[in-house]
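Visitor: Here's my sequence, what's the structure:
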Amino acid sequence: MSAAPKRVCFVGNPNAGKTTLFNLLTGARAKVGNYPGITVDRRSARLVLPGAIEAEAVDTPGTYSLTARSPEESVAADTVLADGAERPAAIVLVVDATTLRRGLYFGTQVLDTGHPSVVALTMMDEAKKLGIRVDEKALAASLGVPVVGMVANRGEGKDDLLRELAAILRDPPERAPASVPEELMGAVDRVRGALPGEDGPAKTTRALWALLSVGDDELTSVSASVRSAVAEAREAAAANGVDLDESIVTSRYARVDACLKKAVEVPAKPVRPMTERIDDVLVHPVWGLLVFAVVMAVVFQALFSWAEPMIGLLESGIDATKDSIKTTLPPGPFTDLLSNGVVAGVGNVIVFVPQIALLFVFITTLEDSGYLARVAFVIDRVMGGVGLHGRAFVPMLSGFACAIPAVMATRTIESKKDRIITMLVVPLVSCSARLPVYVLVTATVFAPELTVGPLSVGAVVLLAMYAMSIGFAVIAAAVLRRTVLKGPKPALVLELPPYRRPSLRNIAVATWERTRRFLLDAGTVILALTIVLWGLLSYPKDEAVATKYEALRADAAQIENETERTDHLASLDAAENGENLRGSAGGRIGHAIEPALEPLGFDWRLGVGIVGAFAAREVFVSTLGIVFDIGEADETSEGLRAALRDAKRPSGEPLMTPLVGIALMTFFVLACQCMSTIAVVRRESGSWKWALLMLGYMTTLAYVVTLLVYQGGKALGLS
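Guide: Numbering: from 1, shown residues only. Next up is the predicted model:
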C-alpha cells in the first residue's frame, strides 16, 4: 500500500496571486479574480515536483492573519495549524511584492509554526514599476527560508519554486523555535499548557493565536480549558500593565520591519500612479455610481443584441433535430417524448447559452480588471446604510451568475448575523437562470424595433428587472437588520487591488467552466423534469377524445381544396392537443391552482410552468414548450414566442400582454424557485429555520408585489 502524498499548502493574503500560482503549478482551473474573497474553501489538486515527487497541493482562502474572524479565515488557520496526519509537509507562503509589510505580518506567523516553507514573491513586475527593489537572497537570510521572485500570470519563477519545494520535501529543514517577546512568555506558557498535542513551534504559534482570537463568539471549537487559560493570561497581563493585543502586533511588525530594512529598497518619493487618479472618479460617491450605471447599461444592451445571431442558429439546429427525429422514427409516444419533450425542452434552454456566456464574460472581465473592488467600495455607502456588510457585495455579485456559490461566498463575512442576512437576500439578485425567462417574455410582448434612446426596449426591461432585484434585496436586508437580525451597522475594510489587464485565458476558462456548470446542472434537472412533465401533460389519455377527432379527420379528408383541407386538419390537431392537455394530470394541477393565479394575470398554463420552475427557474421555458406543444410548429413560426403571442384566454383576449409580461417577470425576480438554493442556505446557516424563512418571505413578497403590479396596471388602463 503506497503512502499518502505529502500535503503542500498555499497560503497568503487575499488577492496576492495565490490561486493563480496554485493553478500554474497544478494545471487546475480554480476560479481566480482581482478582488478579495474569491476562495472561500480549501481546494486540492495533484502536484508533481522534480525528482518524480508527488504531492497534494491545497489552496486555502486568503487571510491577513492566523487570528480567525470569519469561517474562511478559520479554514486557513486550521490548515496551517493542523497537526498529526493533517499537518502540512510544506507551506508555499504567497506574498505580494507590492505589499510586503502586510504580507510578511501574516507570513511570520506562518513561519513560526516551524513548517518547511518557501516564500513565493508574486507581482514582482508591478513592484519594479513602483520602484520597489527586493533582494531575494537577503530576504531569505532574514526569514530563514527560500524566497523565489515570481510573475505567476506569465509563469516566471515557476521552475525555481518547484525546485525549492522538492528540496524541502526531500530533506525537511530543522523546525526553528517561534519568536516570542519576553513580556509575552508568561501568557504564552500559560495557554500552551492548556493546548493538546506535543510541545513545539506550532503549539507556541497556536498559543499566540488563541490569545488574540479566543473570545470571538464565532469560534465554537475552542475548549473550555483553553478559554479559561486565555482569560487568566489576559488578567495576569493586565495586572502587570501589559496590553497583550498591542504587544503581539507591535513585536511582530518590529520583526517584519527589521527584515525589510535589510532586503528592500523603496523610492524616497513615490510617484502617484495614474490608477490613483482614475480612482478619484471611480470611487467618487456620485461619479462612481454613474460610471457603474453606464457600465451595467452597456452590459445589458450587449446581452440583448449581440447574442441574437447565435440564438437564431441554435434555434434552427434544434428545429432540424426535432424534424429529423420525427421523420426517422415511427409515430408514437416515444417519438413524441424525444422530439417534443426532451429535444424541445432542453433546446429551449440551450438557446439562451449565448446570453449566459456573455454575462460570464463581462463579470470575469470586470473582476480581472480590478474594477469590481471599486464598485464594492462605492456601493458600501448604500449597503451599510441598510444594514448589509460591505463584503456582501462579492456574494451579491456572484448571485448574478448563480445563488449557490453566492451563498457559499458569504463565508468571507466575519459576523454570523451579517452572514445570515446576506444569505437571505442573495437569492433576490437575478441569477443567470432567470435570464432565459426575461428574454423569452420580453421578446414575446415587446416589438424588437422599439427603442428608448440608444437602447432597445428589451435592454431597458432587462436592466429594470436587474435593478428591481437589487432594490428589493436592499429593502429586505434593511427589514431583516431592524427585525429578526438586529445589530449595529457593519463596517467594511477592503483592499483595492491594482488595475490589471484582464487575462484572455482566465476569461475563457472562467466563462467555459461557469457555462459548462450551468448546462450540466440545469440540463440534468431539465431532462428529468421534462420527462416527468411530458408524462403529466400527456396522460391519462381519453379514448373518447381520440375517437371523436378520428371521425372529424375522416370528414376533413373529404375536402377537395388541398389548402383548406391542410388548414382544417391542422386546426383539428391543435384542438385535440388542447383537449388532451386540459384533461391530463398536469392540466388538472394547473386548473387547481388557477384561482390563486388569476389575480396576478396568469392562467393555468403559466401556472404549470411556475410549478415546474420551482425545481429550477430555467425549467419554466422548457415546461411552456411542452404546455404549448410547439413541437408541431411549422418552419415559418417563431416557436414558443409565437405560441405565447397567439395564446388566448377563454374570453378570447390575448394571454400575453405587456402588462402580463411585466407581472410574470416581477414574479420571477422575487420568488424563491430553486430547491438547490434552499438546500445550500440550510447547510451554510446550519438551520432549516433560515432556509424556510427565506422561502416564506420571498414567496409572499413575489405574490404581493406581482398582484400590485398587475392590478395597479389594470386600474391605470394598461394592458
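Visitor: What is the end-to-end distance of stretch 279-295?
Guide: Length of stretch 279-295, first residue to last, C-alpha to C-alpha, to the nearest Å: 16 Å.
Visitor: Name all residues that make contact with L644.
Guide: L644 sits next to 440, 444, 624, 628, 655-656 when contact means C-beta atoms under 8 Å, 6 or more residues apart in numbering. For the C-beta atoms, the positions are set from N, CA and C on the backbone; glycine is no exception.
Visitor: For those residues, work out which two are farthest apart.
Guide: Taking C-beta to C-beta as the measure, the contacts of L644 span a maximum distance of 13.8 Å, between L440 and L655.
Visitor: Could you tell me the per-residue confidence at V145?
Guide: Listed pLDDT for V145 reads 92.
Visitor: just use 238 as the starting number from now, easier for me
Guide: I'll keep to 238 as the first residue from here, and by that count the last item is V382.
Visitor: Am I right that it falls within a strand?
Guide: No: counting by DSSP: H, G, I helix; E, B strand; the rest coil, V382 is not part of a strand but coil.
Visitor: Would you mind splitting the chain into its domains for me?
Guide: Domain assignment for the chain by automatic domain parsing gives 243-407, 419-502, 743-952.
Visitor: what is the rounded mean pLDDT of the second one?
Guide: pLDDT averaged over domain 419-502 equals 77, rounded to a whole number.
Visitor: Can you give me the end-to-end span of it?
Guide: Termini of domain 419-502 sit 30 Å apart (C-alpha to C-alpha).
Visitor: ok, W927 - how many residues close by?
Guide: 19 (other C-beta atoms under 10 Å).
Visitor: In this model L661 seems to touch it, though I could be wrong.
Guide: Yes: counting by C-beta atoms under 8 Å, W927 does reach L661; the two are 6.5 Å apart.
Visitor: which residues are in contact with both of the two?
Guide: Residues touching both W927 and L661 (C-beta under 8 Å, 6+ apart) are V918.
Visitor: tell me what the host helix or strand of R754 is packed against?
Guide: According to DSSP states H and E, R754 maps onto helix 741-775. For helix 741-775, the elements it packs on are helix 570-573, helix 581-587, helix 590-606, helix 822-834, helix 841-849, helix 856-864, judged by 3 or more C-beta pairs under 8 Å, 6 or more residues apart in numbering; DSSP states H and E.
Visitor: which SS class is A294?
Guide: Using three-state DSSP, the structure places A294 in strand.
Visitor: Pop out the phi and psi values for the residue nearest to it when sequence neighbours are not counted.
Guide: Distances taken as C-beta to C-beta, 6 or more residues apart in numbering place L284 nearest to A294, at 4.0 Å, with adjacent residues excluded. Here is the backbone geometry of L284 (degrees, to the nearest 10): phi -130, psi 120.
Visitor: what residues are up against L284?
Guide: 245, 262-263, 291-294.
Visitor: Show me what it bridges to in the sheet.
Guide: Judged by DSSP bridges, the bridge partners of L284 are A292.
Visitor: how close does it sit to K395?
Guide: Going from L284 to K395 by C-beta to C-beta, to the nearest Å gives 12 Å.
Visitor: Please enumerate the shared neighbours of these two.
Guide: Contacts common to L284 and K395, judged by C-beta under 8 Å, 6+ apart, are L262.
Visitor: Can you pick out the residue with more neighbours from L677 and L892?
Guide: Remark: of L677 and L892, L677 carries more neighbours, 22 against 17, as counted by other C-beta under 10 Å.
Visitor: out of everything not next to it in sequence, what's closest to the more buried one?
Guide: L677 sits nearest to V858 (C-beta to C-beta, 6+ apart), 5.7 Å away.
Visitor: Number of residues surrounding that neighbour?
Guide: The burial metric for V858, expressed as a neighbour count using other C-beta under 10 Å, is 25.
Visitor: Which pLDDT does the model give it?
Guide: The model's pLDDT for V858 equals 81.
Visitor: Touching stretch 841-853 from outside, list them.
Guide: By C-beta under 8 Å, 6+ apart, the list of residues contacting stretch 841-853 reads 670, 674, 758-759, 762-763, 766, 770, 774, 823-824, 826-828, 830-831, 834, 839, 856-857, 859-861, 864-865, 884, 892, 901, 904-905, 908, 910-913.
Visitor: Separate out the buried members of the residues you listed.
Guide: 670, 674, 758-759, 762-763, 766, 770, 774, 823-824, 826-827, 831, 834, 839, 856-857, 859-861, 864-865, 884, 892, 901, 904-905, 908, 910-911, 913 (16 or more other C-beta atoms under 10 Å).
Visitor: Turn the contacts of L284 into TSV, including neighbour count.
Guide: TSV is the format used below for the contacts of L284 (neighbours: other C-beta atoms under 10 Å):
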residue	neighbour count
V245	26
L262	24
T263	21
E291	11
A292	21
E293	17
A294	25
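Visitor: export those to JSON lines and tack on distance to G478 and pLDDT?
Guide: Converted to JSON lines, the contacts of L284 look like this (distance: C-beta to C-beta, whole Å; pLDDT from 0 to 100):
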{"residue": "V245", "distance to G478": "43", "pLDDT": "91"}
{"residue": "L262", "distance to G478": "48", "pLDDT": "87"}
{"residue": "T263", "distance to G478": "50", "pLDDT": "85"}
{"residue": "E291", "distance to G478": "53", "pLDDT": "87"}
{"residue": "A292", "distance to G478": "48", "pLDDT": "87"}
{"residue": "E293", "distance to G478": "47", "pLDDT": "88"}
{"residue": "A294", "distance to G478": "46", "pLDDT": "89"}
